[in-house]
Each structure stands twice: as structure tokens, then as C-alpha cells.
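**Q** return atomic coordinates for the entry below.
(one chain, ligands or ions: 2)
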Amino acid sequence: MTVRVYTIASGKGGTGKTTTTLNLGTALAMLGKKTIIIDADIGMANLGLLVGLEKSKVTLHEVLSGEAEIKDATYSGPAGLLVVPSGLTLKGFQKANPDRLKKVVSSLTEGMDFVLIDAPAGISKDGLIPLTVADRILLVVNPELSSMADALKVKTLAELLGKSVEGVILNRAELDKTEISRNKVSELLGVGVIEMIPEDVNVRRSAAFKTPVVVRTPKSPASIAFKRLAAKISGEKFTESGDKDKKEGFVNRLTRTIFGGK
Ligand SMILES: Nc1ncnc2c1ncn2[C@@H]1O[C@H](COP(=O)(O)OP(=O)(O)O)[C@@H](O)[C@H]1O
Ligand SMILES: [Mg+2]
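**A** Ligands and ions are numbered 1, 2, ... in the order given. Prediction:
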């Protein structure tokens, strides 16, 4: 397949871009897709922190400053996922030239199925570049008006740059209100909601263990949603059974045991 470069963007900060980049990337890798994730949030880098790469000496900062080659800033992550973290220092941020990102990304696409770019929030220069580099954009929003209003700005800006937003990921969704907010979000943003990721304590817990939630608690609600998202994006069938399926399986088994039958 030809490589697809996605930028994971949002208007507001803290909506779940980094969490989505890491877990979508890992879930794609688990489906056997060659995937690389890049932390282009060079000022507020935290992708590396989520996978225990925060002490890496060579990061995207050094690549963007011209001091290092991209291969030296590429690390292996879970399930064969490749990870390019950014550094945590202010000095590293200052020396990094974001204009180099396009060249860096195009040098990474060979042999890859998916490149996911974790973008900074908002519409500053550092935020614009990742939008221009992508083939497609995914917007991560929370079910709050402020998050959607800011996402709308990013969407409009992306369109001005000639890029289209492929879809919205509604993160931290409340399960009991899902359909209402799903329709409302699509209506407000004029883009379909590809997937809803529920609020899930396992997301934070897995961050503390520096392991993606899809690896640490693969059956948790957020993990199932991330895996379904990966299946949708890659055109694979979603087969992983969740807790609901497990319960149904149990009921079916019980029914069979009591009443007989196949
Ligand atoms: N579905 C979720 N359920 C619970 N907590 C979440 C979920 N998604 C993200 N979080 C938490 O929200 C915070 C912000 O997420 P993060 O991915 O860092 O956002 P961003 O990269 O957009 O700033 C983190 O502490 C993360 O653990
Ligand atoms: Mg982030």
C-alpha cells in the first residue's frame, strides 16, 4: 500500500492528541502495518514520556537543528512501532527549525504504511507546519463547546492550506450520551466522527507505566476503541473481542449448557 501521512491535530490543548497518536500507532503496528509516529509538538513534547524514551539523547530536536540524522532519532516501540520523540529541553526547542519537518517526514515514508504526526495544539507557526506536511488530518476533540470551536478553526485553516480533515475523533466521550454528542459534533464541525474514545482510567494508568493502553489493558474500553479506529483507518476487519462480546459469549455458552444445542 502507499504510505499515508496523518497529522493528529486539535484546536485546544489536552484533548488527547498524544494519547491518540501513540495508541492508534501501536494498534496499527499490532495489525501488522509498518507505522512510525513522530512527536512534532516540539515545544511541549510528551510522546517520548509515554513510552519511556524521555532520556533519549538524539531526538527530533537534533534532527530539526541539523545536528543528527533521522535514523538516529528513530527508536523501536511496542509491537514493532517506530517512534521519533522530541526532546524535553527548552534549549533543544529553540535550536530546532520546524521548517525542516517536511523534508524529515518525506525521508521517513519509504517502506512505511503509516506515518502519524503528533501536532501541537492551536494555530501557531509550529502548529501549521504539521498540517501542511500531512496527506490527511484527524482532529481530536472533547465533547465540550470550547474544544469544538477551536477545532473548527483548525479545520478551516487546514482547508485554506489545501488539506482536508478526514475525520474527527471524539475523545473522553461519555458513553451514555454518545449518539447525541456524535451527531452534534459532526454537525458543528461538518466532518464525520470516525471513532469515539470513552473516558477510561486505564489511559492515565498506562501512561504511568510508560506503556500504551492498547498494550497494557487491551480489553479496556479506550483500547477497544483505539483498535477499532486502527481497523477502520487501515481497512482491516476489527476482530478483537471486547468485554461485551465476552459476556455474550458466556451467556451463549450457559444457554447451550442448560438447553443443549450447537
Ligand atoms: N480517553 C481518555 N480517558 C482518560 N484520560 C484521557 C483520555 N485521553 C486522554 N486522557 C488524559 O488526558 C490528558 C491529556 O492527553 P494528551 O494525549 O496528552 O493530550 P494532548 O496531546 O492533546 O495535549 C493526559 O493526562 C491523558 O492521560
Ligand atoms: Mg500532546
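**Q** now do the contacts for the residue nearest to Ala96 when sequence neighbours are not counted.
**A** Leaving out its chain neighbours, the residue that sits closest to Ala96 by C-beta to C-beta, 6 or more residues apart in numbering is Leu64, at 3.7 Å. (Each C-beta comes from the backbone N, C-alpha and C, glycine too.) By C-beta atoms under 8 Å, 6 or more residues apart in numbering, Leu64 lies in contact with 42, 95-98, 100-101, 104.
**Q** can you tell me the SS state at whichever residue of the chain sits closest to ligand 2?
**A** Of all residues in the chain, the one sitting closest to ligand 2 is Thr18 (3.3 Å; C-beta to the ion). Using DSSP: H, G, I helix; E, B strand; the rest coil, the secondary structure recorded for Thr18 is helix.
**Q** hmm, back to that, what does the model give the residue nearest to Ala96 for pLDDT?
**A** Leu64 carries a pLDDT value of 97.
**Q** returning to what we had before: now, which of the contacts of Leu64 sits nearest ligand 1?
**A** Ligand 1 lies nearest to Ile42 out of the contacts of Leu64, by C-beta to the nearest ligand atom, at 13.0 Å.
**Q** against ligand 1, how distant is the residue nearest to Ala96?
**A** For Leu64, the distance to ligand 1 equals 19 Å [C-beta to the nearest ligand atom, to the nearest Å].
**Q** can you check Lys237 too?
**A** Computed as C-beta to the nearest ligand atom, the Lys237 to ligand 1 distance reads 24 Å.
**Q** would you enumerate the residues in contact with that residue?
**A** Here Lys237 is in contact with Ala231 (C-beta under 8 Å, 6+ apart).
**Q** change it to 10 Å
**A** Neighbour list for Lys237: 31, 231 [criterion: C-beta atoms under 10 Å, 6 or more residues apart in numbering].
**Q** still on that earlier bit, from the contacts of Leu64, which land in helices?
**A** Applying DSSP state H to the contacts of Leu64, the entries found in helices are 95, 101, 104.
**Q** of the contacts of Leu64, closest to Leu81?
**A** Minimum distance to Leu81 across the contacts of Leu64 is 17.9 Å, recorded for Val104 (C-beta to C-beta).
**Q** name the helix or strand for the residue of the stretch 101-250 of the chain found nearest ligand 1, please.
**A** Among the residues of the stretch 101-250 of the chain, Val203 lies closest to ligand 1, at 3.9 Å counting by C-beta to the nearest ligand atom. Here Val203, judged by DSSP states H and E, is contained in helix 201-208.
**Q** repeat for Leu139
**A** Leu139 belongs to strand 136-141, assigned by DSSP H and E.
**Q** residues in contact with the next helix or strand after that strand?
**A** Using DSSP H and E, the next helix or strand after strand 136-141 towards the C-terminus is helix 145-160. For helix 145-160, contacts defined as C-beta under 10 Å, 6+ apart pick out 7, 9-16, 119, 121-123, 127-128, 131-132, 134, 136-137, 139-142, 144, 163-165, 168, 170-172, 181, 184-185, 188-191.
**Q** what mean pLDDT does stretch 201-216 have?
**A** For stretch 201-216, mean pLDDT is 97.
**Q** sorry, back to before: closest one to Ala225 out of the ones in helices among the contacts of Leu64, please.
**A** Leu101 (28.9 Å).
**Q** that closest one and Val133 touch, don't they?
**A** Yes: Leu101 is in contact with Val133 according to C-beta atoms under 10 Å; the separation is 5.7 Å.
**Q** got any residues that touch both of these two?
**A** With C-beta under 10 Å, 6+ apart, Leu101 and Val133 have common neighbours 38, 40, 117.
**Q** so the last one sits against Asp41, correct?
**A** Translated: Ile117. Yes: with contacts counted by C-beta under 10 Å, Ile117 reaches Asp41, the gap being 9.3 Å.
**Q** neighbour-wise, which of these two wins?
**A** When Ile117 and Asp41 are compared on other C-beta atoms under 10 Å, the one with more neighbours turns out to be Ile117, at 27 against 24.
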